[in-house]
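In: can you look at this prediction? I've put the sequence above it.
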Amino acid sequence: MAESKSTALRIAYDKAADVLYLSIGEPQAGIDEEVHNGVYVRLHPETNQPIGLMVIDFEQRFSRPLAQAIPINLAEFFIPA
């Protein structure tokens, strides 16, 4: 079953800035909320629903185990209740 473009997970990495960007659907403007040091959830400005994630210092973080790299529960933000 094909995933619709509006809900497809998109991943981009800026090596020069060492920032990982994840977006649900096409990247769009939103409100960034820091949920842990250097980890931001991007929220839709009208619905307050998660539309993306940004991880600063990605390469440095992922030299450690995932639970230490992004010490948040991603399901809390991205899986409907």
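Out: Great, that's in hand. Please read all numbers here as calculations on a predicted model, not as lab measurements.

In: quick check: closest non-adjacent residue to Ser23.
Out: Gly52 (4.0 Å; Cβ to Cβ, 6 or more residues apart in numbering). Where you see a C-beta, it was placed from the backbone N, CA and C, and this is true even at glycine.

In: flag every buried residue along the host helix or strand of that neighbour.
Out: Using DSSP states H and E, Gly52 sits in strand 50-56. Neighbour-count burial for strand 50-56, with 16 or more other Cβ atoms under 10 Å as criterion, is recorded at Pro50, Ile51, Gly52, Leu53, Met54, Val55.

In: now do stretch 26-36
Out: Result for stretch 26-36 [16+ other Cβ under 10 Å]: buried residues Gly30, Val35.

In: and that stretch, C-alpha only, in CSV?
Out: Extracted C-alpha coordinates of stretch 26-36, given in CSV (Å, rounded to 0.1, in the frame of the first residue of the first chain):
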residue,chain,number,x,y,z
GLU,A,26,6.2,18.5,2.5
PRO,A,27,8.4,20.7,4.8
GLN,A,28,6.4,23.7,6.0
ALA,A,29,6.6,26.6,8.3
GLY,A,30,5.8,25.9,11.9
ILE,A,31,6.6,26.6,15.5
ASP,A,32,9.7,24.9,16.9
GLU,A,33,9.4,23.7,20.5
GLU,A,34,12.6,22.5,22.2
VAL,A,35,11.7,19.2,23.9
HIS,A,36,15.2,18.4,24.9
